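Chemist: Please work out how this folds:
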Amino acid sequence: MGKLGSRYLWGNLLAMALVVVALALGVKYGLALYTHHGEGIKVPNLSKMTSHDARLLLESDGLVMMVSDSGYNKKLPADCILAQTPGAGTQVKRGHIIYVSVNAPSSPSFAIPDIVDNSSYREAEARLSALGFRLLPPKYVEGEKDWVYGILSRGRRVGTGDMVSIGTPLTLLVGNGRYGDDEDISYMESETPVYGLPDAEDEADVDDFEEMPQGGFDHE
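Modeler: As a prediction, this is how the structure comes out:
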């Protein structure tokens, strides 16, 4: 009990309490400084700006720009911003990365998928549209109805694997359900004799037999 009144003991307890309080305050304000708590930077609108100007604007606000994708819009100049993430007006913290898509200098090209003589008109239309191709009204040819027999690009036939610009419209050659005369089925008369019906010569031989009483014919 005498030690409870010792100045040395209470001095240590007070020092420990001050250390705990200092650690708590340090964690609280240290995290706030590290995470920029309460600080918000409004993301500017980068649409239609050149990538160079957009980068300078973001860096002046303490933000970072990164090109993540490209697209093509023939109405806009090359290397301009088409889209951004996060969008304009979003509150972000200093050092946040803004991902942008830039306009390509020319329309991209994609390989024609395996649809010629391998799919119906609806299937081919869906696959080409998903890639971004623009389709003109189909051209009908003789063949199975709604079956794709070819693809035209500016009047030239293209096939599987050919690289075609996404800005070039395509025309599908589709069967109309009719066939030419050369595909008509020709029927031939059978040369196999039909059994069971006697010929004219056989009819005379039949008359030569005399029907005998039940039991058979007279073979003599």
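Chemist: for stretch 118-129, which positions count as buried?
Modeler: 119-121, 124-125, 128 (16 or more other Cβ atoms under 10 Å). Backbone N, C-alpha and C define where each C-beta goes, glycine included.
Chemist: Looking at these, spot the one nearest residue 97.
Modeler: Nearest to residue 97 among those, counting by Cβ to Cβ, is residue 128 at 35.0 Å.
Chemist: elements contacting whatever helix or strand the closest one lives in?
Modeler: Element membership for residue 128, per DSSP states H and E: helix 121-131. Counting contacts by 3 or more Cβ pairs under 8 Å, 6 or more residues apart in numbering; DSSP states H and E, helix 121-131 is packed against strand 170-175.
Chemist: ok, back up a step: tell me how far the helix holding residue 128 lies from the chain's centre.
Modeler: 10 Å (Cα atoms, centre = their mean, to the nearest Å).
Chemist: burial count for residue 13?
Modeler: Residue 13 is flanked by 10 other residues according to other Cβ atoms under 10 Å.
Chemist: picking that back up, for the buried residues of stretch 118-129, work out which two are farthest apart.
Modeler: 120 and 128 (12.8 Å).
Chemist: quick one, phi psi at residue 24?
Modeler: phi -60, psi -50 (degrees, to the nearest 10).
Chemist: Report pLDDT for it.
Modeler: With respect to pLDDT, residue 24 has a value of 84.
Chemist: Same question for residue 181.
Modeler: Residue 181 is given a pLDDT of 56.
Chemist: For this protein, just list every one of the strands.
Modeler: Ranges of strands in the chain, per DSSP state E, are 41-42, 64-71, 81-85, 91-92, 97-103, 109-111, 139-141, 148-153, 156-158, 163-165, 170-175.
Chemist: wait, which of those strands is closest to residue 29?
Modeler: strand 41-42 (20.9 Å).
Chemist: Tell me which other helices or strands that closest one touches.
Modeler: Counting by 3+ Cβ pairs under 8 Å, 6+ apart, strand 41-42 packs on strand 91-92.
Chemist: which residues sit against the strand it packs on?
Modeler: Residues outside strand 91-92 that contact it (Cβ atoms under 8 Å, 6 or more residues apart in numbering) are 40-43, 63, 86, 98.
Chemist: The same query, at a cut-off of 7 Å, please.
Modeler: The list of residues contacting strand 91-92 from outside it, by Cβ atoms under 7 Å, 6 or more residues apart in numbering, reads 40-43, 86.
Chemist: Output the buried residues of stretch 118-129 in JSON lines, with distance to residue 167 and pLDDT appended to each entry.
Modeler: Shown next, in JSON lines, are those (distance: Cβ to Cβ, whole Å; pLDDT from 0 to 100):
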{"residue": "119", "distance to residue 167": "23", "pLDDT": "93"}
{"residue": "120", "distance to residue 167": "26", "pLDDT": "94"}
{"residue": "121", "distance to residue 167": "22", "pLDDT": "95"}
{"residue": "124", "distance to residue 167": "19", "pLDDT": "94"}
{"residue": "125", "distance to residue 167": "18", "pLDDT": "94"}
{"residue": "128", "distance to residue 167": "13", "pLDDT": "94"}
